[in-house]
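*Asks:* Fold the following for me, if possible:
(chains A, B and C)
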Amino acid sequence: MSDLLANLNAEQLQAVSLPPQHALILAGAGSGKTRVLTTRIAWLIQSGQADPAAILAVTFTNKAAKEMLARLAAMLPVSPRGMWIGTFHGLANRLLRAHHRDAGLPQLFQILDAADQLAAIKRLLKALNVDDEKFPPRELQHFINGQKEAGIRPHAVEAWDDYTRQRVQLYQEYEAQCQRESVVDFAELLLRSHELLERNEPLRRHYQRRFRHILVDEFQDTNRLQYRWLKLFADEGREGGAAMFCVGDDDQSIYRFRGAEVGNMRDFEREFRVANVIRLEQNYRSRSNILDAANAIIRHNTNRLGKNLWTDQGAGEPIRVFEAFSDGDEARWIVEEIQQLVREGALRSEIALLYRSNAQSRVLEHQLFSAGLPYRVYGGLRFFERQEIKHALAYLRLIANADDDTVFARVVNFPTRGIGARSLEVLQDAARTYNTSLYATVPHLSGKPGSALAVFVRLVEDLRRDTAGLPLPELVDHVLDASGLRAHYKAEKEGRERLENLDELINAAANFLAEAQAQRAPEEAAAAHALLADFLAHASLEAGEHQADPGADAVQLMTVHSAKGLEFNAVFLSGLEEGLFPHENSLLESDGLEEERRLMYVAVTRARERLYLSFAQSRMLHGQTRYNLRSRFLEEVPAGLTKWLTPPNPRSAAGGEFGSMRAGAGGGYFKPSAPVQRAPRPAFAPLPNGLRIGQAVSHAKFGQGVIVAAEGSGTDAKVQINFGPAGVKWLLLSVAKLEAA
DNA sequence: TTAACCACGTTTTTT
DNA sequence: ACGTGGTTAA
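*Replies:* Residues are numbered from 1 along each chain as shown, chains lettered A, B, ... in the order given. Below is the predicted model:
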C-alpha cells in the first residue's frame, strides 16, 4: 500500500489520503488529476476503508472511464468487482435497466442519440402537421433538452407567451411519442433516473447507503441536472451521506455552450460545506516558458477560484511566434517547421496542430498532403454514426423493439422496396387513428397481404425468428444479408468502404460478446436477444473512435476543444486572430471572452516542450478573404517568453491606439528555425478599390488614418481604419468618402 | 426513384 | 468554399 502513495507530492498525497469527507480538488492542467482520482479509489479499497461496491466514480467520456478502469486494474492486485465506474449517461442507463418497471420503461427501451432525437422530432412535427419553419426542429430539440437539463417536465414549464406555450405542447407530444416507442434520449436518461430515485425512497436509500464514496472527474463540466443527480446519491451532503470527491479546474471550463455550469464548483463548496479544498498546482507536463505564458494569459480572467501553476522542469525553448501573409502561407510554414522537427527526430504523433474551428483544418490538410506528411484529423464521423452502421443498427433495433418508429421509418424503404412518401403518409395517419406504432399499424391497412409494407413486416418477423438462437456476431451477419444491406452496398460504386464498415460491425459485436462473456456467466451471455439490447445501448452511448489507425505515427489535427485532456511534445496553435480566436460570436455572449481565454489556456497547456503560435493577415473564410488583426491573446503572452520569427508588426496588432502595441518587443527578428526557402514577401493583398492594409487615408470628419483591416467585397466591402485620437472605425467603402493620403 | 439543382448556413461537442 | 437538405424534373 505504501508504494501506492509513493511519488505523490504533498498536495496529491493529502488529497488521496483524505478521510471520508467532502473534497474539492482544484487540479490545474498537467497536475496529475487522473492519477489522484484513481489512486484515491485504489487507496480507499486497499486500505480497507471502503468496499469496492461502495465506490461510485463518474466521468464524462467513455474514454476517461476506460482509462480510469485500466489504471485501477494496474494498481490493484485483483480487478475489484462491484465498483460503479462510468459516464453519467452510462450509469443512468444501468439504473434504468435495473429498475425499468419503477421507471415506467420496458426492459428493452432504446436510446436515441442526438441525430436520432432530431429525426424523431422531425417525424413528430410532420405527424402533427406542424410548420417546421415556425418551429425549426433543431431549435425545438435545443428547447426540449434545455428543459430536461433544468429538470423541468412540460407541465412545469413557465410559459408566458404563445410561442413558448406551443413549444411546451410539442415537448409534451414528443415525450408521449418517446414513451409510445419505448425510446429514451440522452437527457431523458439522466432526468428519468433522477426522478426514479427522487420518488422512490426505499430505492434511493438503498443506493445512498451503498455508495459511500462518490468521485467526480471534470467537475467543472457538469450541468445543472448532473449536479442534482450527484446530490441525490450523496443525500444532499447530509450527515451520514456519501463523501463527495470532486476534481475539476475552473480555468478549463470550456463547455458552457452545451450546458456546463462552472458555478457548480462554488455551489458544491457551499452546499456541502466543503472543508477540504486542495489545489494541485505543480505541473508535470510543460516547460516553464509555456506554463508562464499560460498563467499570464489566464490571469486576465476575473472570477477565478485561483491557481498558479509551476514546474521545476526549467524554462525550455522560447515560444515561437509567426506572422503569415495568408492562411496558406501559415500552413506552409507550419509544415516546414514540422518537417524540421521530424528531421530532428520528433515523432509525428507527438506533434499537434490545433485550431479554434474545424473550417481551419482544410488549408492545413492541403499543405500536409502536398508535403506527404501523414496526418490524422479528429472530429469527423465516428463509427456508430456512419450511415451504413446506422442502417444496420436500425434493423437490429427493430428485432429488439418493432414499435420504434424512428428506426422503422429509417429502413422501411432502405434498401428501396417501393415504399414511397405517399404510402408512409397513409401509414402514419392510420397509426395516429389506431394509436399504434407504424409497425403494428400495417395489418390494419386495407392493402393486400402482398403489399410492399406487408412484405417489410414479414421481413422483420423473419429476422426475429431466424436470429433467435444465434450468437451476437452471427446475428448481425445474418441481418446484414437478409435485410439486403450488403447487396445494396455491393451494387453501389462507392460502397466498398461501407461494406468494410459493416464487416467491422460484426467484429464490434464479436468483441462485445467476448467482453460480456468475460464479465458474466457464459450461459447468460449466450442468450442472443438479451445481449442484443445491451449491444444496442452500447452503440448509442459510445459512438466509437473518430477514425481508424489511431496507432499510426501521424501529425494530430484537432480543435482546441477536442485537445482538452491530451498532451504533446510540440503544439502548433494556428489562426490566432481577432474574430477567429477569440471567435467573433463569443464577444456577444456574456462571459464569452473569458471562455475563449480559458480555451486559449487549454490550448497552451497542451504543450510539453515546444509551442508555436501563428496568425495570418488574410484568411479565406466562407468563400471570402478576410483581413484580421492578430489575437489579443497573443499580446497577453509576456514578451520575454517569445521569439518572433517575423518582425513584430504594429499594423496587425489588435486594440485601440495605432502603434501602441509592443513596439520593438519580442527580441527582434529571427530567421525561421527550419532552413527553408520562403516565398518572397508579397505586398499586402490589394483591396477592391486599390486600397491596401496599412495604407494611409484621410476622411473629412475623422481626419488622418491607416487601414488596419478589411472584409467583404463589392458594395459590402468595408475597411477598419485607425484614426488615432478619433478611434478605430469600420467604414463601408460604398458610403464613406476616403482619400488616399 | 433517382439525379440534378438551389438555397442555406457555417464555433466549439459528449452522451 | 463547401457540404447538407429539400425541392423539382426526368
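*Asks:* Kindly tell me how buried A:Ala491 is, as a neighbour count.
*Replies:* 10 (other C-beta atoms under 10 Å). (Each C-beta comes from the backbone N, C-alpha and C, glycine too.)
*Asks:* now it: how far from DNA strand C?
*Replies:* Per C-beta to the nearest atom of the strand, to the nearest Å, A:Ala491 is found 19 Å from DNA strand C.
*Asks:* center of chain A, which residue is that?
*Replies:* A:Ser562 (6.4 Å; C-alpha atoms, centre = their mean).
*Asks:* and that one, what does it touch?
*Replies:* By C-beta atoms under 8 Å, 6 or more residues apart in numbering, the contact set of A:Ser562 is A:Tyr378, A:Gly379.
*Asks:* Which helix or which strand is home to it?
*Replies:* If you go by DSSP states H and E, A:Ser562 is part of helix A:560-563.
*Asks:* check whether that helix contacts DNA strand B.
*Replies:* Yes. Counting by C-beta under 7 Å from any atom of the strand, DNA strand B is contacted by helix A:560-563 at A:His561, A:Ser562.
*Asks:* What count of nearby residues applies to A:Lys231?
*Replies:* When neighbours are counted by other C-beta under 10 Å, A:Lys231 registers 20.
*Asks:* Just list the residues touching it, thanks.
*Replies:* A:Lys231 is in contact with A:Gly237, A:Glu271, counting by C-beta under 8 Å, 6+ apart.
*Asks:* give me the low-pLDDT residue ranges for chain A?
*Replies:* For chain A, the stretches with pLDDT under 70 are A:1-2, A:446-449, A:520-528, A:546-550, A:654-687, A:689-694, A:706, A:708-716, A:722-728, A:741.
*Asks:* Could you tell me which strand of it is the longest one?
*Replies:* strand A:607-621 (DSSP state E).
*Asks:* strand partners of whichever helix or strand comes after it, parallel vs antiparallel please.
*Replies:* Proceeding N to C from strand A:607-621, the next assigned helix or strand is strand A:624-627, under DSSP H and E. Applying DSSP bridges, strand A:624-627 is found paired with strand A:607-621 (antiparallel).
*Asks:* Within range of DNA strand C, give me the residues from the stretch 251-400 of chain A.
*Replies:* Close to DNA strand C, as judged by C-beta under 7 Å from any atom of the strand, the stretch 251-400 of chain A has residues A:Arg362.
*Asks:* picking that back up, next secondary structure after the helix holding A:Ser562?
*Replies:* strand A:568-573.
*Asks:* That next one packs against which elements?
*Replies:* On a contact count with 3 or more C-beta pairs under 8 Å, 6 or more residues apart in numbering; DSSP states H and E, strand A:568-573 meets helix A:327-343, strand A:351-355, helix A:592-604, strand A:607-621.
*Asks:* That one near DNA strand B at all?
*Replies:* No. Using C-beta under 7 Å from any atom of the strand, strand A:568-573 stays clear of DNA strand B, coming no nearer than 14.0 Å.
*Asks:* contact partners of that strand?
*Replies:* Here strand A:568-573 makes contact (C-beta under 8 Å, 6+ apart) with A:334, A:337-338, A:341, A:346-347, A:350-355, A:556, A:560, A:603-604, A:606-614.
*Asks:* Going by neighbour count, list what's buried in that strand.
*Replies:* Across strand A:568-573, burial judged by 16 or more other C-beta atoms under 10 Å covers A:Phe568, A:Ala570, A:Val571, A:Phe572, A:Leu573.
*Asks:* What of stretch A:78-86?
*Replies:* So for stretch A:78-86, counting by 16+ other C-beta under 10 Å, buried means A:Pro80, A:Met83, A:Trp84, A:Ile85, A:Gly86.
*Asks:* Just the endpoints, please. Distance across that stretch?
*Replies:* The straight-line separation of the ends of stretch A:78-86 (C-alpha to C-alpha, to the nearest Å) is 19 Å.
*Asks:* can you list the residues that contact it?
*Replies:* Looking at stretch A:78-86 with C-beta under 8 Å, 6+ apart, the contacting residues turn out to be A:41, A:45, A:51-53, A:55-59, A:65, A:68-69, A:72-73, A:91, A:94, A:211.
*Asks:* Sort out which of those are buried, if you could.
*Replies:* Of the contacts of stretch A:78-86, these count as buried by 16+ other C-beta under 10 Å: A:41, A:45, A:52, A:55-59, A:65, A:68-69, A:72, A:91, A:211.
*Asks:* Which ones among those residues lie within strands?
*Replies:* A:Ile55, A:Leu56, A:Ala57, A:Val58, A:Thr59.
*Asks:* mind putting the buried residues of strand A:568-573 in TSV, distance to A:Asn501 included?
*Replies:* Shown next, in TSV, are the buried residues of strand A:568-573 (distance: C-beta to C-beta, whole Å):
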residue	distance to A:Asn501
A:Phe568	29
A:Ala570	33
A:Val571	32
A:Phe572	32
A:Leu573	33
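*Asks:* need the contact list for A:Arg279.
*Replies:* Counted by C-beta under 8 Å, 6+ apart, A:Arg279 has contacts A:Glu11, A:Leu26, A:Gly28, A:Lys307.
*Asks:* What parts of the stretch 601-741 of chain A come near DNA strand B?
*Replies:* The stretch 601-741 of chain A has residues A:His622, A:Gly623 near DNA strand B, with proximity defined as C-beta under 7 Å from any atom of the strand.
*Asks:* Okay, strands next: where are they in the stretch 601-741 of chain A?
*Replies:* In the stretch 601-741 of chain A, strands defined by DSSP state E, counting those that start in this stretch lie at A:607-621, A:624-627, A:642-644, A:696-699, A:703-711, A:718-722, A:728-732, A:738-740, listed in chain order.
*Asks:* so which of these gets nearest A:Ala539?
*Replies:* strand A:607-621 (35.4 Å; C-beta to C-beta).
*Asks:* Three-state assignment for A:Arg376, please.
*Replies:* When classified by DSSP: H, G, I helix; E, B strand; the rest coil, A:Arg376 comes out as strand.
*Asks:* Strands - which of the buried residues of stretch A:78-86 land there?
*Replies:* Members of the buried residues of stretch A:78-86 lying in strands (criterion: DSSP E): A:Trp84, A:Ile85, A:Gly86.
*Asks:* hang on, the earlier thing: can you select the buried ones from the contacts of strand A:568-573 in ChimeraX?
*Replies:* Per 16+ other C-beta under 10 Å, the buried members of those correspond to this ChimeraX selection:
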select /A:334,337,338,341,346,350,351,352,353,354,355,556,560,603,604,606,607,608,609,610,611,612,613,614
